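Visitor: Quick one, what's the 3D model for this:
(chains A and B)
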Amino acid sequence: MAAPTSLTSNVAALDAGAPVTAAAFIAGAPAFALGDGQILLGGGADARLVAAHPDAAILIAVKAGDVLITGGDDGRVVEIAGDGVMRELAREKGKWIDALAARADGAVAWSTGRQVFARGAKGDVKAFTAPSTVRGLAFLPKGYRLAVSHYNGASLWFPNAAAEPDELHWKGSHLEITASPDGKFIVTSMQENALHAWRLSDKKDLRLSGYPAKPRSMSWSHDGNWLATSGAEAAIVWPFNSKEGPVNKAPSELGVRSARVTTVAFHPKSPILAQGYEDGMILLCRQADGAELLVRAEGAGAITTLAWDETGRRMLFGGADGAAGLLTMPA
Amino acid sequence: MADKIPVTVLTGYLGAGKTTLLNRILSEDHGKKFAVIVNEFGSIGIDNDLVVGADEEVFEMNNGCICCTVRGDLIRIIEGLMKRKGKFDAIIVETTGLADPAPVAQTFFVDADVREAARLDAVVTVADAKWLAERLKDAPEAKSQIAFADVIILNKIDLVGAEDLADVEARIRAINPYARLHKTQNCAVSLEEVLNRNAFDLDRILEIEPQFLEVEQEHDHHEHDHNHDHGHKHEHHDHDDHHAKNGHGLKHYHDEEMQSVALTIEGDVDPDKFLPWINSYIQTEGAAILRSKGIIALKDEPKRFVFQGVHMILDGDLQQDWKPGETRRSRVVFIGRHLKEDEIRSGFLACAA
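Guide: The predicted structure follows:
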């Protein structure tokens, strides 16, 4: 029996009606955060819209355990549960929520301009002023510690400690930030179409360049050995499976096409990468041999988000043109 | 291209009337919706639904180009505004009085994502007729804002006499003879003169001529005796006149710091000489050159080559055909600080085919 090359018949398409900022499974149900300030909850006939940020745009959204956290250009941080119940976590009048991070225990961090706020699982909020406008936030896997990207580097901040944040320096504008699952590396995407990585043990710099565009989307493999990135006409996958990281090692390329990859998301259990392109195509690529499965054909707006559920049986996608959908993997 | 959001940059020294112009743009009955990016959020009354506070963070690009600075906050804000795409028609960026317009303009050419979403329409500078002459002496930013402008609104003309107005106009023209200049009270100017100028579109650069002809005529309709006054002043200030052959009664100043250089070759240039020359000249002298523009007749090329630049960033392309019977003439203009006129002249003239 030949392996199928297309999963398009396993996709339930939706029209979200507004650009999709992010998607996540919340308590098992699909949730799409939209540019018009609403959340689309549910993926089928039960789908409904919840006005999380009325008359505003959702700039960013992340999953925190069983809730979705959204940040808007109304300066509000809102928590939405799977049943649609909302709670406002913060309101920064006249500001935009520029960056957001959350983790499974319910801790949430957000930033507006240079101000960074961390809200612990118990609801206590701590603040810190970064050296310049913050573009990315990520919790480190160990301890209550936050990685903050900004101009000329990143700061590592313990919200509950009085100590000054630890600074990582590298000239230029650092955008998204992520920590490796083992906590040994911090990686940022940069304005200059490159990634920058620091090995935390000795703050050694790693410059991962050669991208034709900014590698804004980054995803770690389930075992933490690989970092997949967007920003090229293929997903670029860097090996982080040694102490040195990807020093003097070439990355591998998955799903090479003549269209740029805009979003990547590793499968939560297998070495399979989901990748969305600027022309609306979505592929699943097997890392071992580069085999490709088509999830969605090209011919639409850029894919802006891809999100697996915990089991890796289902995946959500969303696009800049308001297209959205649910992939259910064949049994 | 068509669905790129047009961006108008409003500059001007403190108190010149930027906010007045902005509110005029926003309040007129044009049916358009604007996203407004302002500094000093909340400190001034702007009546608009979508107002975004900016922090004017300027940073250098790590691309080996020393003057290649961009506004990081603009990159972030325009990305965020795109989530609301379809809900507004245009963006207006108001800068602080002390801002250099170059990083704002360069952001629209250097950042690929911004360039894809938006296009710089024009730099509009509001100047205070009463105080500009003073500011040009003591504030380098004021001079940059005039030099950079595509459109200059010379405001508060009711506060100065005809002689002083002629004087400040001449000082503006000494720095930038190419911008459209409008003399106003309360920034009362038709919005068509401010919005949708396409000043950075190569296919709209049809000719490069100093703008005082047109403006003077427009002015004549209103105040005939004023024009007479210009002529009178001209005699007094002949000693200031180093280069001008200006038959329109506008006195001529030479600004020691900021100048424009315009050169013409009556005919074709050799592309193998011109293209390397302009690229290398802009690379070496771009820090001093604020704006550049040219319409070039390349040898054996039926289309005109058009370029425009901001500091070291050059954008050039072949545009429409030279018309039958039209004189194939090559013209370049540079506006900048302490321009090496002789060097530019000999460099350009050596490119003649």
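
Visitor: does B:Leu22 sit in a helix or strand, and which one?
Guide: Using DSSP states H and E, B:Leu22 maps to helix B:18-27.

Visitor: what's the average pLDDT for the helix or strand following that helix?
Guide: Scanning forward in sequence from helix B:18-27 by DSSP H and E, the next helix or strand is strand B:34-38. Mean pLDDT, computed over strand B:34-38, is 93.

Visitor: contacts for strand B:34-38?
Guide: Surrounding strand B:34-38, the residues in contact under the criterion Cβ atoms under 8 Å, 6 or more residues apart in numbering or on different chains are B:22, B:25-26, B:44, B:46, B:48, B:50-54, B:74, B:77, B:81, B:84, B:88-94. For every residue, glycine as well, the C-beta is placed using N, CA and C.

Visitor: same question, stretch A:83-95
Guide: Identification of contacts with stretch A:83-95 by Cβ under 8 Å, 6+ apart yields A:27, A:39, A:41, A:48, A:50, A:52, A:69, A:75-80, A:97, A:108, A:110, A:112-113, A:115, A:117, A:119, A:125, B:41-42, B:53.

Visitor: what is the mean pLDDT for that stretch?
Guide: Across stretch A:83-95, the average pLDDT comes to 93.

Visitor: so how far is it off the chain centroid?
Guide: 20 Å (Cα atoms, centre = their mean, to the nearest Å).

Visitor: and the end-to-end length of it?
Guide: For stretch A:83-95, the first-to-last residue distance is 28 Å (Cα to Cα, to the nearest Å).

Visitor: Please apply the same query to stretch A:182-198.
Guide: With Cα to Cα as the measure, what separates the two termini of stretch A:182-198 is 13 Å.

Visitor: what mean pLDDT does it have?
Guide: 96.

Visitor: Identify each buried residue in it, please.
Guide: Residues A:184-198 are the ones in stretch A:182-198 that count as buried (16 or more other Cβ atoms under 10 Å in any protein chain shown).

Visitor: Same check on stretch B:270-288?
Guide: Of the residues in stretch B:270-288, those scored as buried under the neighbour-count criterion (16+ other Cβ under 10 Å) are B:Pro271, B:Lys273, B:Phe274, B:Leu275, B:Trp277, B:Ile278, B:Tyr281, B:Ile282, B:Glu285, B:Gly286, B:Ala287.

Visitor: restrict those residues to those near chain A?
Guide: By Cβ under 8 Å from any Cβ of the partner chain, no member of the buried residues of stretch B:270-288 lies near chain A.

Visitor: All the strands of the stretch 151-300 of chain A, residue numbers only.
Guide: Remark: strands assigned in the stretch 151-300 of chain A by DSSP state E, counting those that start in this stretch are A:166-179, A:185-190, A:194-199, A:204-208, A:218-220, A:226-229, A:235-239, A:252-254, A:261-266, A:272-277, A:282-286, A:292-296.

Visitor: quick one: the closest residue to chain B within chain A from B:Lys137, how far?
Guide: Distance from chain B to each residue of chain A (Cβ to the nearest Cβ) is smallest for A:Gly35, at 3.6 Å. From A:Gly35 over to B:Lys137 the distance is 48 Å, taken as Cβ to Cβ, to the nearest Å.

Visitor: Tell me which of the two has more neighbours.
Guide: For A:Gly35 against B:Lys137, the residue with the higher neighbour count under other Cβ atoms under 10 Å in any protein chain shown is A:Gly35, and the figures read 26 against 10.

Visitor: which ones are touching that one?
Guide: With contacts defined as Cβ under 8 Å, 6+ apart, A:Gly35 is in contact with A:Ala18, A:Pro19, A:Val20, A:Thr21, A:Ala57, A:Ile58, B:Lys83, B:Arg84, B:Lys85.

Visitor: Double-check the second one against A:Thr305; I have them as touching.
Guide: Pointing back at A:Pro19 there. No - taking contacts as Cβ atoms under 8 Å, A:Pro19 lies outside contact range of A:Thr305: 10.1 Å.

Visitor: what lines up beside the stretch of helix or strand B:Arg304 belongs to in the sheet?
Guide: For B:Arg304, the enclosing helix or strand under DSSP H and E is strand B:303-310. The sheet places strand B:303-310 alongside strand B:289-296 (antiparallel), strand B:313-321 (antiparallel), with pairing taken from DSSP bridges.
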